[in-house]
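[1] Sequence and predicted structure are below.
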Amino acid sequence: MARSDHKPRLGVWKFASCDGCQLTLLDCEDELLQVAGAVDIAYFPEATRGSVRGTYDLSLVEGSITTLHDAERIQDVRRRSRTLVTIGACATAGGIQALRNFADIDDFMAAVYAHPEYIETLSTSTPIADHVPVDFELRGCPISKQQLLEVVSAYLCGRRPVTPAHSVCLDCKLRGNVCVMVAHGTPCLGPMTHSGCNALCPSYNRGCYGCYGPKENPNAPALSERLDQLGMGRAERLRFYRTFNAWAGPFREESERHET
């Protein structure tokens, strides 16, 4: 990733999202002071009203593209950013709001708004990478504080961030967890989900919900076969894959396989 000789200017941008991933930066507590000392936080509406116009060395982008206005705005953010990193499931996979991609947006608006004719929106919720080139994607709902610090540190050191590529299953083994699917027959997305949460849900005897999206080379059909053996019906499996990362390729393709 690119490195600047001056104190890097950091911009934090929000699109369609809940702000949870931006708040992860503020949740860095003691480390936040070090981050603030190493970069010039030039734009971060969640934390301050002040902003510095111009270009940015590193932009952290949260949220998906759901309106024509945001589709235009992300182009401007990309032009003004030397390095652009997407943070969170909304920015990397369209987020929970990407469930609209499987249905009729007009039906959704009619169910939610008293006057849907005043609403201007796209029929889809799509990740940032569908609209502009992205230098690195940081997954999670929300993202990991440690992984976020790694991204910022890597930028400052002029190297590519190092984040684990293995599944949640390996984290369970490292924590000494008993497999909830093998021991209790609990449906779990852990075998095909990217590491990052330190196996939070399985550590409390709950199945993984896939917050960190698909890992490299997931085997979704094999997981579906096991879910079938556990008694999960076709409709249940479809809903199982449609959560925070419903529009991520492997999750989307597997859920669509269960539509018929």
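    It's in.

[2] Now do stretch 144-153, average pLDDT.
    The average pLDDT for stretch 144-153 rounds to 94.

[3] Name the residues that touch it?
    10, 24-25, 27-28, 31, 35, 38-39, 58, 60, 85, 87, 136, 138, 140, 161-163, 196-197 (CB atoms under 8 Å, 6 or more residues apart in numbering). C-beta here means a position set from N, CA and C on the backbone, and glycine is covered the same way.

[4] Could I get the buried residue list for it?
    Residues of stretch 144-153 classed as buried: Ser144, Lys145, Gln147, Leu148, Leu149, Val151, Val152, Ser153 (neighbour count, 16 or more other CB atoms under 10 Å).

[5] Would you mind writing the CA trace of stretch 47-57 as PDB?
    This file holds the C-alpha atoms of stretch 47-57, laid out as PDB (Å, rounded to 0.1, in the frame of the first residue of the first chain):
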ATOM      1  CA  ALA A  47     -16.000  12.000  15.800                       C
ATOM      2  CA  THR A  48     -15.800  15.700  14.900                       C
ATOM      3  CA  ARG A  49     -17.600  18.400  12.900                       C
ATOM      4  CA  GLY A  50     -14.300  19.800  11.600                       C
ATOM      5  CA  SER A  51     -13.000  18.700   8.200                       C
ATOM      6  CA  VAL A  52     -10.000  19.400   5.900                       C
ATOM      7  CA  ARG A  53     -10.900  19.600   2.300                       C
ATOM      8  CA  GLY A  54      -8.600  18.300  -0.500                       C
ATOM      9  CA  THR A  55      -7.100  14.900  -0.900                       C
ATOM     10  CA  TYR A  56      -6.500  12.100   1.600                       C
ATOM     11  CA  ASP A  57      -3.700   9.600   1.900                       C
END
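
[6] Worst mean pLDDT across the helices and strands of this structure, which element?
    In the chain, the helix or strand scored least confidently by mean pLDDT, DSSP states H and E is helix 30-38, which has a mean of 86.

[7] Tell me the helix or strand right after that one.
    Where DSSP states H and E defines the elements, the next helix or strand beyond helix 30-38 is strand 40-43.

[8] and that following strand, what other elements does it pack with?
    With contacts defined as 3 or more CB pairs under 8 Å, 6 or more residues apart in numbering; DSSP states H and E, the packing partners of strand 40-43 are strand 9-14.

[9] Tell me the strands beside the strand it packs on, with direction?
    Applying DSSP bridges to the sheet, strand 9-14 is found paired with strand 40-43 (parallel), strand 56-62 (parallel).

[10] quick revisit: cross the buried residues of stretch 144-153 against helices and list the overlap.
    Secondary structure defined by DSSP state H assigns Lys145, Gln147, Leu148, Leu149, Val151, Val152, Ser153 of the buried residues of stretch 144-153 to helices.

[11] follow-up on the earlier one: by how many degrees do the least confident helix or strand of the chain and strand 9-14 diverge?
    With axes from the mean of the first three to the mean of the last three CA atoms, to 10 degrees applied, the angle from helix 30-38 to strand 9-14 works out at 130 degrees.

[12] Go ahead and measure how far helix 30-38 is from the middle of the chain.
    The chain centroid and the centroid of helix 30-38 are separated by 23 Å, computed with CA atoms, centre = their mean, to the nearest Å.

[13] Ser224: neighbour count?
    By other CB atoms under 10 Å, 21 other residues sit near Ser224.

[14] How about it, nearest residue that isn't a chain neighbour?
    Nearest residue to Ser224, sequence neighbours excluded (CB to CB, 6 or more residues apart in numbering): Arg237, at 5.8 Å.

[15] Phi first, then psi, for Cys157.
    Phi and psi for Cys157, reported as degrees, to the nearest 10, are phi -90, psi 0.

[16] State the distance from it to Ala38.
    The gap separating Cys157 from Ala38 is 10 Å, by CB to CB, to the nearest Å.

[17] out of those two, which sits in the busier spot?
    The residue with more neighbours, out of Cys157 and Ala38, is Ala38; 14 against 11, by other CB under 10 Å.

[18] can you tell me the helix or strand for the nearest residue to that one once chain neighbours are set aside?
    Leaving out its chain neighbours, the residue that sits closest to Ala38 by CB to CB, 6+ apart is Leu156, at 5.7 Å. In the assignment (DSSP H and E), Leu156 maps to helix 145-157.
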